[in-house]
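> here is a sequence together with a model predicted from it:
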Amino acid sequence: MSRARTIRGPAPRITPNQMADVLRAPVISEKSTLIAEHNQVTFRVAIDADKSQIKQAVEGLFGVTVLKVNTIRQKGKVKRFRGMLGQRSDTKKAIVTLADGDSIDLAAGL
C-alpha cells in the first residue's frame, strides 16, 4: 500500500501581537553566551509554539534572517516548598541560528 503524500504550503503569517506572545524571554546563561559566538541565540518560548512561528517572530521583531531553529522541551521538576510537594511548570527553549552578519543585542531589549 502506498501512502499519499501531503504537500504543505507556506506557514500562515503571524501578527506582531502573536510574535510577542511566542517569544517569552531571552535565556542568559553560560551556555547561551558560549553559543552566541557561533551566531546562535537562545529564547524561552511558548509551549505550543512551533518552529515556523518562532522563526517568524524572531525575524519580525529583530529584523534578522533565521537559518535554523532547534527546540527543547523541559519537564518541570518536582520540588518541596515549606514541606509541601509542588511542581515547576514545563518550559520550552528555542536555539535560533542566525545568518552570517546578523546579530541580536539582548542587552538593549526591544
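Great, that's in hand.

> tell me the bridge partners for the residue nearest in space to the middle of the chain.
When Cα atoms, centre = their mean is applied to the chain, the residue found nearest the centroid is residue 94 (3.0 Å). As for beta bridges, residue 94 partners with residue 43, residue 71 under DSSP bridges.

> what score does it have for pLDDT?
pLDDT recorded at residue 94 is 98.

> isn't it right up against residue 50?
No: using Cβ atoms under 8 Å, residue 94 is not in contact with residue 50; the gap is 10.1 Å. Quick note: C-beta positions are derived from backbone N, CA and C, even for glycine.

> what helix or strand is the closest residue to residue 38 other than its chain neighbours located in?
Spatially, and ignoring its direct neighbours in sequence, residue 38 is nearest to residue 97 (7.9 Å; Cβ to Cβ, 6 or more residues apart in numbering). Assigned by DSSP states H and E, residue 97 falls within strand 91-98.

> helices and strands around that strand, which ones?
Counting contacts by 3 or more Cβ pairs under 8 Å, 6 or more residues apart in numbering; DSSP states H and E, strand 91-98 packs against strand 40-45, helix 51-62, strand 66-74.
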